[in-house]
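**Q** pasting a predicted model and its sequence here:
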Amino acid sequence: MPQHKSAEKRARQNVKRRARNRYHKVRMRTMVKTLESMEDKAQATTFLNEVKAYLDRLATKRVITRNRAAHTKSHLEKLVNAL
């Protein structure tokens, strides 16, 4: 149990942030899986732009690291170009 008011507040903030980060990470993984399963190149290209923008947003908010965003974007670009 927290001994100070600031520790109580920090614990409340951590719970909220963890829930928010988990939501964004799950959404990111779902978007990536959806893109990986696409067959149509035109549709995949438009969806790729949405996924890349979302990854950049998560990297800016520090939900994921910049390198992870870059790695994932590169992987998805190769996948779409191969269609």
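**A** Nice, thanks for sending it over.
**Q** list the contacts of M1.
**A** With contact set as C-beta atoms under 8 Å, 6 or more residues apart in numbering, M1 has no partners. Quick note: C-beta positions are derived from backbone N, CA and C, even for glycine.
**Q** in the chain, which helix has the most residues?
**A** Determined from DSSP state H, the single longest helix within the chain is helix 5-36.
**Q** so which bits of it are buried?
**A** M28, M31, V32, L35 (16 or more other C-beta atoms under 10 Å).
**Q** ok now it, how far from the chain's centre?
**A** Between the centre of helix 5-36 and the centre of its chain there are 10 Å (C-alpha atoms, centre = their mean, to the nearest Å).
**Q** that helix - contacts with which helices or strands?
**A** helix 41-60, helix 66-81 (3 or more C-beta pairs under 8 Å, 6 or more residues apart in numbering; DSSP states H and E).
**Q** for the shortest one, C-alpha coordinates in CSV please.
**A** Spelled out, that is helix 66-81. Coordinates of each C-alpha in helix 66-81 appear next as CSV, following Å, rounded to 0.1, in the frame of the first residue of the first chain:
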residue,chain,number,x,y,z
ARG,A,66,10.7,4.8,-32.5
ASN,A,67,12.8,1.8,-33.7
ARG,A,68,9.9,-0.6,-33.2
ALA,A,69,7.7,1.7,-35.3
ALA,A,70,10.4,2.0,-38.0
HIS,A,71,11.0,-1.8,-38.0
THR,A,72,7.2,-2.6,-38.3
LYS,A,73,6.7,0.0,-41.0
SER,A,74,9.6,-1.4,-43.0
HIS,A,75,8.3,-5.0,-42.6
LEU,A,76,4.8,-3.9,-43.8
GLU,A,77,6.2,-2.0,-46.8
LYS,A,78,8.1,-5.0,-48.0
LEU,A,79,5.0,-7.1,-47.6
VAL,A,80,2.8,-4.8,-49.6
ASN,A,81,5.4,-4.3,-52.3
